[in-house]
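Asker: I'll drop the sequence and a predicted model, then ask my questions.
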Amino acid sequence: MKKGFQIDSITKHLGITKPLIISGPCSAETEEQTVATAKQIAATGKVHALRAGIWKPRTRPGQYEGAGEEGLKWLVQAKKETGLPITTEVANAAHVEACLKAGVDILWIGARTTVNPFSVQEVADALKGVDIPVMVKNPINPDVELWIGAFERLSRAGITKMAAIHRGFSSFEKGPFRNAPMWDLAIELKTKLPELEMICDPSHISGNRELIAMVSQKALDLDMSGLMIESHINPDAAWSDAKQQITPATLAKVIDSLVVRTVSSDNKTFKDTLSVLRDQIDQLDDEIMQKLSSRMKISEKIGQYKKENNVTILQVNRWEEIVQTRVNLGKAMGLDEGFTRDFLRLLHHESIQVQTKVMNKEEAKV
Ligand code: PEP
Ligand code: MN
């Protein structure tokens with residue numbers, strides 16, 4: 001943990017057992033829609049907080065940009081009728097002030113705001129002296145440092161109750177997801193700030209209803225602390241993010257379908273078996289490291305030999321042959337083709353580095 005960086009748990013603050021479930025519409029559209037959605041999700045008994053966007057950062061102008069301050073009254077009304085704590089997105093000082101005045105329980109900073117240190121600083125400054133929980137969505141670009149920077153700015157403003165929201169990253173390549181989950185980046189943040197609770201937003205990762213349960217389960221299996229899932233009384237008619245919203249009834253089904261696993265178990269047989277398997281993994285990793293080291297030493301020798309004979313480091317044919325044979329071998333051994341290709345790319349990259357070093361080394365003058 002970085003010095004002077006105190007992080008407290010939002011789930012503990014709310015007094016709930018994980019996973020924390022936050023749900024509600026993408027946008028508060030009308031008072032009726034906000035309150036009716038809140039009532040239906042509260043009736044499931046499975047939701048701990050109500051979300052709804054009041055100020056909506058839209059990619060293109062002319063789309064629904066949120067109800068503004070008027071919508072805060074609807075959220076407050078929904079809280080009054082259901083008892084659910086309320087949370088909304090803030091992007092500047094005016095938003096923060098309006099939320100604090102209205103009595104919003106938890107704030108979140110959206111993905112398009114986390115990318116901008118000026119905006120995050122403005123939000124942090126507006127929060128000085130206020131001990132309200134704040135959740136920070138990942139920036140839309142895959143930059144963990146920028147994400148951490150937002151927590152630092154909030155922390156310096158005196159905020160202690162913080163959580164991260166993993167909502168996926170914008171990507172040029174169009175995959176099955178609206179925003180590529182890039183789980184490794186969420187894991188990297190978790191590793192760098194272990195006290196920080198992470199909530200997954202499967203709705204914005206998926207971009208469609210079908211993938212929400214699968215993404216939610218994956219998040220729980222990565223030991224995330226909660227889920228923020230968009231829900232709407234009439235998803236197809238939603239004014240924003242219609243394709244990814246689900247009804248409160250579907251939400252209840254998704255939550256019921258989730259398997260909540262623990263990071264460890266006190267069961268003796270489980271511990272003994274795990275320990276035996278981990279010993280095997282340690283042994284194999286040891287062998288893999290030794291083999292990798294031997295392989296790099298041979299690369300070095302090859303580099304030296306090529307240098308003496310004035311031959312280039314890269315020979316495309318040889319590389320293609322390596323990839324083909326190893327991919328086939330891997331397949332026969334049950335290894336995923338993508339994994340084998342990624343692994344070979346890394347190996348080849350390192351091998352080229354090693355050979356480049358040898359090529360460029362000044363020979364000792366005699
Ligand atoms: C939202 O939660 O509706 C939203 C705008 O999300 P994001 O900042 O993740 O795009
Ligand atoms: Mn949305």
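Answerer: That came in fine, so what should we check first? Ligands and ions are numbered 1, 2, ... in the order given.
Asker: give me the number of residues near the residue of the stretch 151-300 of the chain found nearest ligand 1?
Answerer: The stretch 151-300 of the chain approaches ligand 1 most closely through Arg167 (3.9 Å), counting by C-beta to the nearest ligand atom. Glycine gets a C-beta too; all of them are placed from N, C-alpha and C. Burial of Arg167 is recorded as 24 neighbouring residues (other C-beta atoms under 10 Å).
Asker: following element in sequence after whatever helix or strand Arg153 lives in, please.
Answerer: According to DSSP states H and E, Arg153 maps onto helix 144-156. Sequence order places strand 162-166 as the next helix or strand after helix 144-156, per DSSP H and E.
Asker: run through the neighbouring helices and strands of the helix or strand that that following strand is followed by.
Answerer: Using DSSP H and E, the next helix or strand after strand 162-166 towards the C-terminus is helix 183-192. In terms of contacts (3 or more C-beta pairs under 8 Å, 6 or more residues apart in numbering; DSSP states H and E), helix 183-192 is packed against helix 144-156, strand 162-166, strand 197-200.
Asker: the shortest one pairs with which strands, and in what direction?
Answerer: Looking back up the chat, that one is strand 197-200. Sheet pairing of strand 197-200 (DSSP bridges) gives strand 162-166 (parallel), strand 226-230 (parallel).
Asker: helices or strands next to the longest helix seen in the chain in the packing?
Answerer: Using DSSP state H, we find that the single longest helix of the chain is helix 268-308. Applying 3+ C-beta pairs under 8 Å, 6+ apart, we find helix 268-308 packed against helix 337-360.
Asker: and the angle for the helix it packs on with helix 268-308?
Answerer: Helix 337-360 runs at 40 degrees relative to helix 268-308, counting by axes from the mean of the first three to the mean of the last three C-alpha atoms, to 10 degrees.
Asker: ok, the residue of the chain at minimum distance from ligand 1 to Ala43 distance?
Answerer: Closest residue of the chain to ligand 1, C-beta to the nearest ligand atom: Gly110 (3.1 Å). Distance from Gly110 to Ala43, counting by C-beta to C-beta, to the nearest Å: 28 Å.
Asker: more neighbours: which of these two?
Answerer: Between Gly110 and Ala43, counted using other C-beta under 10 Å, Gly110 has the larger neighbour count: 23 against 13.
Asker: OK, contacts around the more buried one?
Answerer: Gly110 sits next to 57, 89, 91, 137 when contact means C-beta atoms under 8 Å, 6 or more residues apart in numbering.
Asker: just the ones in helices from those, please.
Answerer: Per DSSP H, these never map to helices.
Asker: returning to what we had before: looking at it, the residue of the stretch 151-300 of the chain closest to ligand 1 is touching Val136, isn't it?
Answerer: No. Assessed by C-beta atoms under 8 Å, Arg167 is found out of contact with Val136, at 10.4 Å.
Asker: please name the nearest non-neighbouring residue to Leu177.
Answerer: Not quite, residue 177 is Phe, not Leu. Using C-beta to C-beta, 6 or more residues apart in numbering and skipping the chain neighbours, the partner closest in space to Phe177 is Ile205 (5.5 Å).
Asker: what strand or helix carries that neighbour?
Answerer: Counting by DSSP H and E, Ile205 is found in helix 202-206.
Asker: please save the CA atoms from that helix in PDB.
Answerer: This file holds the C-alpha atoms of helix 202-206, laid out as PDB (Å, rounded to 0.1, in the frame of the first residue of the first chain):
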ATOM      1  CA  PRO A 202     -21.200  -6.600 -16.400                       C
ATOM      2  CA  SER A 203     -23.800  -4.500 -18.200                       C
ATOM      3  CA  HIS A 204     -21.300  -2.000 -19.700                       C
ATOM      4  CA  ILE A 205     -18.800  -4.800 -20.400                       C
ATOM      5  CA  SER A 206     -21.400  -6.900 -22.200                       C
END
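Asker: per the record, what domains does the protein have?
Answerer: Structural domains annotated on the chain: 10-257, 268-360, as defined by automatic domain parsing.
Asker: quick one, which of those domains is packed in tightest?
Answerer: Most buried of the domains of the chain by mean neighbour count (mean count of other C-beta atoms under 10 Å) is domain 10-257; its value is a mean of 19.
Asker: is that domain positioned near ligand 2?
Answerer: Yes. If you take C-beta under 5 Å from the ion as the test, domain 10-257 does meet ligand 2, through 26, 241.
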